[in-house]
Every structure is written in C-alpha cells, then in structure tokens.
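Asker: Fold the following and give me the result.
(chains A and B)
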There are 2 protein chains.
Amino acid sequence: MSLITVGTVAFDAIETPFGSSGKVVGGAASYIGLSASQFVEEQHIISVIGDDFPESFVQEMQRRGIRTDGLERRKGEKSFYWAGKYHLDMNSRDTLATELNVLADFQPQVPAAARNADYVMLGNLDPKVQASVLDQMESRPKLIVLDTMNFWMDIALEPLKEVIKRIDVLTINDEEARQLSGEHSLVKAAQKILEMGPTTLVIKKGEHGALLFNDEEVFFAPALPLEEVLDPTGAGDTFAGGFVGYLAHTNDTSFNNMKRGVVLGSALASFTCEKFGTDRLLELTQSELDERIQRFVDLVEFDIILKD
Amino acid sequence: MSLITVGTVAFDAIETPFGSSGKVVGGAASYIGLSASQFVEEQHIISVIGDDFPESFVQEMQRRGIRTDGLERRKGEKSFYWAGKYHLDMNSRDTLATELNVLADFQPQVPAAARNADYVMLGNLDPKVQASVLDQMESRPKLIVLDTMNFWMDIALEPLKEVIKRIDVLTINDEEARQLSGEHSLVKAAQKILEMGPTTLVIKKGEHGALLFNDEEVFFAPALPLEEVLDPTGAGDTFAGGFVGYLAHTNDTSFNNMKRGVVLGSALASFTCEKFGTDRLLELTQSELDERIQRFVDLVEFDIILKD
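Answerer: Numbers count the residues shown, from 1 in each chain, chains lettered A, B, ... in the order given. Here you go, the predicted model:
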C-alpha cells in the first residue's frame, strides 16, 4: 500500500569515542525512506533540502522507489545540519551544532498523488509541521505513525499533544515516555500515553530493545547484542521505517503484524549502528537481513516446560 | 537432583523512594533457597546466623525442603546486617550500613550428606569462602553456578578469578561484566569472561532482562514490564535460585534447558520486586507462577514472515 513520510533530509556530523563521521547524509526521512524501501516498492518522501545536498543521494533514493516530488529543493540555501557527540556509553549524546537553514520555514507540500496514501509516517519534526501534513490528506489514512523527541516536549508540548490525538502509533524512547506521561514505570507511562490518542505505543530502549503496547497487549523485542556500535544515529528512524514499511507492504495493522514490524525494524536498526550515516543501509543485502532476522528468532526462542 | 547453596542468611533494611522495609529477613541464600524450592524437593543451604535470627524463618525453609544441617547458629552473636537506599530509578543504590557480625569469620561446613551434590550454587560471598565449599566436595558436581558482585572485583580480584576457573556458570550484572572483562560491548565482555573458565555466562540487566551466553549461542530473556517495582533487593538471587533449581530438578544442563531456567528465574525474580524482603516469594502460588510464565511467553512470542 502507499506510504508517505515527512521528515528531514539533511547533513549530520557525528563524533563518537571511536571516531568521527565528517559531514554525512542523515536526517529522519533519509533513514526512514531507505529502511522502508526494504519492503515497499514505491513511497513518497516530503522534505526540504538546499542546493548543497548531493543529487547522487536523491537519485539513490529514487532508484529504491522513493518518489521525491515532495522533496523541495531551495536554490542558494543550505540543508539542515546537525552535529553531535556521543558519550562513552553510546546511549547519551550532546548536540554540538544545529543549523536549521532550509528547515526554519519548512512548509511541507503533499503532492496530489500522495494525498490518499494509506500509510503516513510523521518523522521527528515540529509538531505543527507534522499536523500540516495530516491537514493536507484527502482521506483519513489507514495508519498514521508519529515519531518525536524530548525537544518538542520541552518547547511545543501543546501542539505535540494536539497532533498525537490524531495518530495511531507513537514511537518515542523510554525517557521521553516518562517525560510525556510523568510516570516512571513504563507500564503506567504506556497506559497514560494511550489515553492521549494513539491506539499503539512503541517505546524504544536503544540497546535494551523495544516495547510495543496497545491497551490490552504488550510485546518486547530485544536489540541484537552487537560486538560494536559505531554510531547509533538514525537507528530510531531506521526502526520506524522498517516498522511502517512492513505494515504498508503487508497492509495489515493487527497487533500480531505490528510485532513483526517491530522485529524487522529492530533488525534494520542494528545495521544502521554499524557504520556512520546511511552507508550500511545502502549496502544492505536481502540475505544479510534474512540472516539477522534469524538471529532475532534464535535470540528469544525458547520452549517452556512447566513444573510437573 | 541434589542441590546445595552457600550464601548469606541475614537481615536487610531497605529504603526506597516509595517506603522503608524496616529490618527484614534477606540474604542471598534465603532468596536462592526459597526460589529453588519452587522446583527441587530437597536442598541444602550452608550459611551462618546469630541467635537474633527468627527460628520461624528457619522452620519455614525446612517446610519447603531446605535442609539446614549446614546452617551454623552462633549463640551470643548477631546475624549479618545490610542497610541500603535505592535511588529514584530503582536501579542504583547506596549502602547505608554493613555489619558483618557472624559473617566476619564464616567457615562454611558442607554436611556429609551434601558432599556429593550434583548442583552447587555459590551465592555472593568472599571468593575464598566460595572456593572452600568446592574444596569440600567429594566429587566434581555436575554443575557449579557462581554469583558475585563488583565489591569482590574491587578487593579480591585474584581469588575471584581463581574460583571462577572452577565453575560452569557465572552470573553477574552488565556493569560487573564490563568491569571484569574491561570491555564495554557485552558481546566482547562475554567472550573474554568465557575464556576465564566458565562455559556459560548469565549477564543480568535488571529491568532490561538477562542474556545467556556460551561460546556458540546467545539467548535473551526480557524482564517482565512491571507496574510497580517496590524493592529489587534479592531479585538477582531469586533469579539464580530459580535458574539452578530448575536445572537441578530437570537434571539437564543443555543450553536449551538453561534458556528455560533463565525464563523461570526471571519470572520468579519479578515477584521478589513486588514486596520488601522474601514476603512475596513466601506467599507465591503455583498458579501465579504459571500465569507469569505465560506472560513471558506472550511478551516475546512472534511469528515472522520474510519478504516475498
């Protein structure tokens, strides 16, 4: 089924205890689009870039079925740029620079061909920008997934709550779930957040896996234990792309299918951590993905025999 | 099969952001013994108490098939006492008081009837005391499980490494695995630790679950998402008791059976977190345990359909 994604297509510069990326292509919609393209034949991304952005990357996305009619290119302006530095634990990071550039006054335009999309992925952005994409849809999509972060909870909580009312699935990390709900227990946090509008909540816990909640069920997928985590930037977006891409491909939004989406999203995210930027996603083969999914199955598989 | 456990039988006083326990029965061997008694009909515990320790708790253990021939009672002396305070995240804590009392010169005596035990659980104690239990065994046990903590890595690393050479399964938490191996990646940490002697390693990650490694395989069991964690003290010991108790009961030390042991240990540990001290373990029913194991199965169960 048809999928549209709104989010940044941008530059990142990452420092970790193990190395520096230099200026590389990043951005939520880049990761989401590439990850979803593992499953969907055609999708739209809606974003904005400056004339400093490499046309080769745009063409690479197009080759993977990512339509770029909604990708605005501004002459004489620069793309969004973010620089950050990870701490030794690779779970926390400091922002070193944020240059909004073209993003400062981004007004997403949903192409006519995408206004009846069944699946909508609202990548991390100003909640008002996320809402404006929903405003442009001609029919209520079958599934709306929204990713956000603590930054918007700090400075735009009310607009965020407004857009959260209109979505089906919210993806945030554990600290953000605690912040949004005011509850320390993730079980209680999930209950409160599900009362805010979404029917389903994904809590991303980084190296500790991901939890999927609806009002009756809960599912947990671990992160694959990796020998090396070179750079986790984009892992959450890769996860979201795999999740929504798989749901769109199968056109099945049942909880059981969302479980599969979480496993596939987690498997894809594990690749993103292995190299800087989108490099690992770009070189990923189907057999590598299949092998990693099998590792997931093996990692959690057990048969239990209760006490005699 | 026969099981012996060495560890503390003691008093704890716990403060958490949600309440205080007062002085309650605790100690590694108390939790291990009660947890293992879910599976094994008869076991020995080897420990030492003062005459301040409640005889009613000793009788309660005996009613659950825990033989106390190896439980030394010292007249005119006090039992080991530990007081601690948990931080708001319930994952980290400060020690407020440690009174060794009878533990200061504890020399464990393995009763004759226990010297051919097939399963040995060395609870967290001075590594030299753990080693002295192994010295007293008349035949090499089928499985030796050892639990320890960062305290012994700080002050008794060489004796700890010596006893680790003689065991089959080591259980430690993630930070301890990093400390013992000098590796940040848990995958690399596991590889290094498995070269130190044990064939199997359990890395306990508290609310983030547990990893089971041998040199070829890895298994992950999540912790059950709980609405409330009142007091995690003893959860690791409860885990170890359920793990080794199940292996002894089934007399099967295969990796597949250890997976079941990890799941059962995790399920039992989740109960310990719900009340102060051993109260929740003491009132636990088989149907409650079965229900929780089913929650585990439901939590991680998925069927994956690969891309067409």
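
Asker: what sits against residue A:258?
Answerer: A:169, A:200, A:212, A:219, A:243, A:247 (Cβ atoms under 8 Å, 6 or more residues apart in numbering or on different chains). Yep, even glycine has a C-beta here, placed from its N, CA and C like the rest.

Asker: so how far is residue A:89 from the fourth one?
Answerer: Here residue A:219 is placed at a distance of 26 Å from residue A:89 (Cβ to Cβ, to the nearest Å).

Asker: neighbour count winner among these two?
Answerer: Comparing residue A:219 with residue A:89 by other Cβ atoms under 10 Å in any protein chain shown, the one with more neighbours is residue A:219, at 23 against 12.

Asker: Please identify which helix or strand holds the more buried one.
Answerer: strand A:218-221 (DSSP states H and E).

Asker: so what secondary structure elements neighbour that strand?
Answerer: strand A:210-213, helix A:255-272, helix B:286-300 (3 or more Cβ pairs under 8 Å, 6 or more residues apart in numbering or on different chains; DSSP states H and E).

Asker: pLDDT value on residue A:307, please?
Answerer: Here the pLDDT value assigned to residue A:307 is 49.

Asker: Please determine how far the residue nearest the centre of chain A is located from residue A:171.
Answerer: Closest to where the C-alpha atoms of chain A average out (Cα atoms, centre = their mean) is residue A:237, at 2.5 Å. According to Cβ to Cβ, residue A:237 stands 9 Å off from residue A:171.

Asker: Which neighbours do those two have in common?
Answerer: Shared contacts of residue A:237 and residue A:171 (Cβ under 8 Å, 6+ apart): residue A:147.

Asker: farthest pair in the contacts of residue A:258?
Answerer: Spanning the widest gap among the contacts of residue A:258 are A:219 and A:247, at 14.2 Å by Cβ to Cβ.

Asker: Around chain B, pick out the residues from the stretch 151-300 of chain A.
Answerer: Residues of the stretch 151-300 of chain A lying close to chain B by Cβ under 8 Å from any Cβ of the partner chain are A:184-188, A:205, A:208-209, A:211, A:217-222, A:225-229, A:249-250, A:256, A:259-260, A:263-264, A:286, A:289-290, A:293, A:296-300.

Asker: Drop anything exposed from those residues.
Answerer: Buried residues within those, counting neighbours by 16 or more other Cβ atoms under 10 Å in any protein chain shown: A:185-186, A:188, A:205, A:208-209, A:211, A:218-222, A:225-226, A:229, A:249-250, A:259-260, A:263-264, A:289, A:293, A:296, A:299-300.

Asker: how about the residues of the stretch 1-150 of chain A near chain B?
Answerer: A:38, A:39, A:88, A:89.

Asker: closest to residue B:113 among the contacts of residue A:258?
Answerer: Closest approach between the contacts of residue A:258 and residue B:113, by Cβ to Cβ: residue A:219, at 46.8 Å.

Asker: The spatially closest residue to that closest one that is not a sequence neighbour - how many residues pack around it?
Answerer: In this structure, residue A:219 finds its nearest non-sequential neighbour in residue A:212, 4.3 Å apart by Cβ to Cβ, 6 or more residues apart in numbering or on different chains. Neighbour count of residue A:212, defined by other Cβ under 10 Å: 25.

Asker: now do residue A:285
Answerer: 8.

Asker: repeat for residue A:254
Answerer: Counted with other Cβ under 10 Å, residue A:254 comes out at 10.

Asker: Same question for residue A:168.
Answerer: A count of neighbours around residue A:168, defined by other Cβ under 10 Å, yields 17.

Asker: Hmm, residue A:198 and it touching each other?
Answerer: Yes - in this structure, residue A:168 is within contact of residue A:198 by Cβ atoms under 8 Å, at 5.9 Å.

Asker: So the closest residue to residue A:67 other than its chain neighbours, which state does it fall into?
Answerer: The shortest distance from residue A:67 to any non-neighbouring residue, by Cβ to Cβ, 6+ apart, is to residue A:44 (4.7 Å). When classified by DSSP: H, G, I helix; E, B strand; the rest coil, residue A:44 comes out as strand.
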